[in-house]
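# what's the 3D shape of this:
(one chain, ligands or ions: 1)
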Amino acid sequence: MSSLKEIKKEILSAKRIGLSFHSSPDGDAIGSTLALLNALRYLKKDAYIITRDVISDNLSFLPLANEVDKSITEPRDNTDLVIILDCGNVERISADLRNYNGKIINIDHHISNENYGFINYVDITAAATCELSYLLIKELGIDFESKTDIEIAIGKAVYTGIVTDTGSFRHSNVTSRTHDIVSNLIAIGLDNSKIHSNLFDNKPFEKVKLMGNVLSNIELALDNKVAVLQIPKGLLEELNLQNADTSDIISVGLGIKGVEVSMLLKEVEDGVKGSLRSKNNVDVRKIAEIYGGGGHIKAAGVMQRGVDIRTARNNLLDSLKKEMNL
Ligand SMILES: [Mn+2]
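Numbers count the residues shown, from 1 in each chain. Here you go, the predicted model:
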């Protein structure tokens, strides 16, 4: 793994820096990127966001979130550095880099990261890429000790990625470093409770209706050890929620007594998107990888193209059956 010092050197010598993240960005992708964007602007660097995505409603409170608006989808002229955060592989980057020949720095915590950068800073012990953004920003000279507005602005973004990628500090990816970083942010005045509320007590009414519908059709499979949740395409259209984040619905399945794996299937234009979460020892990344997906041991995602939702469900259950020795 490269060092943060090397990344600092590249940032300081770059003339124009583009930042991007994984498609359908979550709290960590957005948080780690906006933390760095705020820091770079403060340091008077010419930096901007490249993305094909728009920001989800519950992340729009973050400083500079308005710049995640897909107005720039490929590097602007004279960009000599692109930094990609929280994205394991090139295909998933939310930016069009086909005509870009400059340097790419890859900062991530996914175990499946393909080291596609000129510099790769991949720390799989980080609970969130936001931890790495925080460390890099400290390396850049913002010490998170002086209680300034810029430190709070960056802290909001860092906290957001950490709280969303750790299930509010309940997942096993949390380390003492995770708590150290957050402890420091709270010491300089970060309002953790308010951020949590912005993130989670902010659902559109239709989203709650969607949850009700999906939960009323939940099924248990494989000796009641796997919860299966399905979102047919028509349902999202009916509720006008085509772009909504549905990642929180899956955790309800995992909350059921005796369930070890929760699976959420979402029907999209060209196939079925699957999310998998595991409670104990089942490595769901292995299951996702069988169908070209990836992720972490306890949280993974996979897109199955050209199949209907029933086939996608059966494929994943067949693979889980073998993996779980059932
Ligand atoms: Mn992440």
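# residue contacts, the closest residue to the ion within the chain?
Using Cβ to the ion, the closest approach of the chain to the ion is made by Asp28 at 3.4 Å. Bear in mind the C-beta positions are built from the backbone N, C-alpha and C, glycine included. Going by Cβ atoms under 8 Å, 6 or more residues apart in numbering, Asp28 touches 86, 128-130, 160-162, 164-165.
# Contacts only, for the closest residue to Ile50 other than its chain neighbours.
Leaving aside its sequence neighbours, Ile50 sits nearest to Ala95 (Cβ to Cβ, 6 or more residues apart in numbering; 4.0 Å). The contact partners of Ala95, by Cβ under 8 Å, 6+ apart, come to 18, 20, 50-52, 73-75, 82, 84.
# which of the residues you listed count as buried?
18, 20, 50-51, 74-75, 82, 84 (16 or more other Cβ atoms under 10 Å).
# Dump the residues you listed to a markdown table, plus secondary structure.
A markdown table is the format used below for these (DSSP: H, G, I helix; E, B strand; the rest coil):
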| residue | secondary structure |
| --- | --- |
| Gly18 | strand |
| Ser20 | strand |
| Ile50 | coil |
| Thr51 | coil |
| Glu74 | coil |
| Pro75 | coil |
| Val82 | strand |
| Ile84 | strand |
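# Taking these, tell me the two that lie furthest apart.
Greatest spatial distance among those (Cβ to Cβ): Glu74 and Ile84, at 13.4 Å.
# ok, and the most crowded of the contacts of Asp28?
Cys130 (36 neighbours; other Cβ atoms under 10 Å).
# what about the helices in the stretch 51-200 of the chain?
129-139, 149-165, 176-187, 192-200 (DSSP state H, counting those that start in this stretch).
# packing partners for the last one?
For helix 192-200, the contact count by 3 or more Cβ pairs under 8 Å, 6 or more residues apart in numbering; DSSP states H and E identifies helix 149-165, helix 176-187 as packing neighbours.
# Export it to CSV, keeping only CA atoms.
In CSV, the C-alpha atoms belonging to helix 192-200 read as follows (Å, rounded to 0.1, in the frame of the first residue of the first chain):
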residue,chain,number,x,y,z
ASN,A,192,-23.5,13.7,16.1
SER,A,193,-27.2,13.3,17.1
LYS,A,194,-28.3,15.9,14.6
ILE,A,195,-26.4,14.3,11.8
HIS,A,196,-27.9,10.9,12.6
SER,A,197,-31.3,12.4,12.5
ASN,A,198,-30.6,14.1,9.1
LEU,A,199,-29.6,10.7,7.8
PHE,A,200,-32.2,8.5,9.2
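# just how off-centre is the next helix or strand after it within its chain?
Where DSSP states H and E defines the elements, the next helix or strand beyond helix 192-200 is helix 205-216. The chain centroid and the centroid of helix 205-216 are separated by 23 Å under Cα atoms, centre = their mean, to the nearest Å.
# Now helix 205-216: buried residues?
So for helix 205-216, counting by 16+ other Cβ under 10 Å, buried means 207, 210-211, 214.
# And stretch 262-269, by the same measure?
262-267.
# one step back: which stretch of helix or strand covers the residue of the chain closest to the ion?
helix 27-42.
# I'd like the distance between Asp316 and Ile218.
Asp isn't right for residue 316; it's Leu. 15 Å (Cβ to Cβ, to the nearest Å).
# repeat for Gly271
Distance of Gly271 to Ile218, given as Cβ to Cβ: 22 Å.
# ok, now Lys209?
Distance from Lys209 to Ile218, by Cβ to Cβ: 16 Å.
# burial count for Ser172?
Ser172 has 11 nearby residues by other Cβ under 10 Å.
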